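Trainee: This is a predicted model, with the sequence first.
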Amino acid sequence: MKRISTLIAGLVLAISGTTAQETTTVSSWTKAGYAGLKFTQSSFTNWAQGGENALALDAQFTYQADYKNDKHLWQNRLELNYGFNQTGNAPLKKTTDKIYLNSNYGFEVKKSLYLSAFFTYQTQFSNGYQYGDDNDRTFVSRFMAPGYLSAGIGITWTPAPIVTAVFTPVTWKGTFVTDDALAQQGAFGVEAGKNVLNEMGANLKVELNYDIMKNVNLYSRLNLFSDYMRGKEARNIDVSWDVQINMTINKWLSASVSTNLIYDNDIKFAYDKKDAAGNIIGQGKCAKVQFKEVLALGLQYNF
């Protein structure tokens, strides 16, 4: 009987140990994301100080899924964002529009250093317009006009959990303009009459994902690209820098600030050429720094 009791006790301990090991198994996946809806509205009736009725709505979905197991690293990020506003009797105007998908795979060759390959896709949901003083609009963009595809091979460096740097000295970048009217204009650097601009060069992407303090997260993504095929113009580096500060108030409320800075030598803006006296003598085109900032407060669900 004593031996039987000892055997039973041993089996119980073994089962308990096995169960404990199973329940404490750490997943190789790290996943995080949020969905948010920011809304502002103002209305005026017999308001002596003046003002115009206004409505603004911004919807955002962000999801990050990273896999790390042994020597394998696989990082994935999806960003969807769409917003619009309306002021007075003016037409509905788009304020933000983004589809961004990135996937990066790496095989570790040294601590925190990976041989890697990446793929990035970026475009927008709907038509974009430039508006004149009388709210006359000019069609300037749509889904896949422009659309960007990039793929490259190189190295990934993760010196800290909050920092990832991906350098790919062999990178293909394709700029697509699938709208024929825009293609005929040579929009977004694509040669007039064609639908694709192919570039081959080097790409550097640096990401920072850092909790500044409790419930305040900073995400920054800086992307630099230089086209080998441009000769001296390779010094004109394409820059894209996204910054998002997300402040969680409680489970459902949040505030966010996001900025986007772009410089692309292929995207030209028209300007008036003037003589020494200030008279307009013609028109020219040149690349300019583009900047956008959005401040929002509203509903957000983190998962």
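Mentor: Cool, the structure landed. Numbering: from 1, shown residues only.

Trainee: rest of the way, CA atoms for contacts and neighbours
Mentor: Noted.

Trainee: what is the mean pLDDT for stretch 130-150?
Mentor: Regarding stretch 130-150, the rounded mean pLDDT is 91.

Trainee: Same check on stretch 56-76?
Mentor: In this model, stretch 56-76 has an average pLDDT of 95.

Trainee: Which positions within that stretch qualify as buried?
Mentor: Neighbour counts over stretch 56-76 (16 or more other CA atoms under 10 Å) mark 56-63, 66, 68, 73-76 as buried.

Trainee: for stretch 109-123, same thing?
Mentor: Neighbour-count burial for stretch 109-123, counted by 16+ other CA under 10 Å, picks out L113, Y114, L115, S116, A117, F118, F119, T120, Y121, Q122, T123.

Trainee: what's around the closest residue to the second one other than its chain neighbours, how many residues?
Mentor: By the measure of CA to CA, 6 or more residues apart in numbering, the closest residue to Y114 outside its immediate chain neighbours is E108, 4.1 Å from it. Summarising burial for E108: neighbours were counted as other CA atoms under 10 Å, giving 17.

Trainee: hey, where'd the helices end up in the protein?
Mentor: For the chain, the helices defined by DSSP state H cover 2-23, 180-185.

Trainee: one step back: okay if I get the buried residues of stretch 56-76 as a markdown table plus distance to Y271?
Mentor: Shown next, in a markdown table, are those (distance: CA to CA, whole Å):
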| residue | distance to Y271 |
| --- | --- |
| A56 | 31 |
| L57 | 32 |
| D58 | 32 |
| A59 | 34 |
| Q60 | 34 |
| F61 | 37 |
| T62 | 37 |
| Y63 | 40 |
| D66 | 45 |
| K68 | 50 |
| L73 | 47 |
| W74 | 45 |
| Q75 | 42 |
| N76 | 40 |
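
Trainee: thought T95 was touching F84?
Mentor: Yes - T95 lies in contact with F84 (CA atoms under 8 Å); the separation is 4.8 Å.

Trainee: Just to check, I153 is in contact with T171?
Mentor: Yes - look at I153 against T171 with CA under 8 Å: they come within range, at 6.7 Å.

Trainee: Please say which of those two ends up with more neighbours.
Mentor: Neighbour totals were compared for I153 and T171, and T171 leads with 25 against 22 (other CA under 10 Å).

Trainee: so who does the spatially closest residue to that one that is not a sequence neighbour touch?
Mentor: Distance criterion CA to CA, 6+ apart; nearest residue to T171, sequence neighbours excluded, is G152 at 4.0 Å. G152 is in contact with A117, F118, F119, T168, P169, V170, T171, W172, N203, counting by CA atoms under 8 Å, 6 or more residues apart in numbering.

Trainee: how about a cut-off of 7 Å?
Mentor: For G152, the contacting residues are A117, F118, F119, T168, V170, T171, W172, by CA atoms under 7 Å, 6 or more residues apart in numbering.
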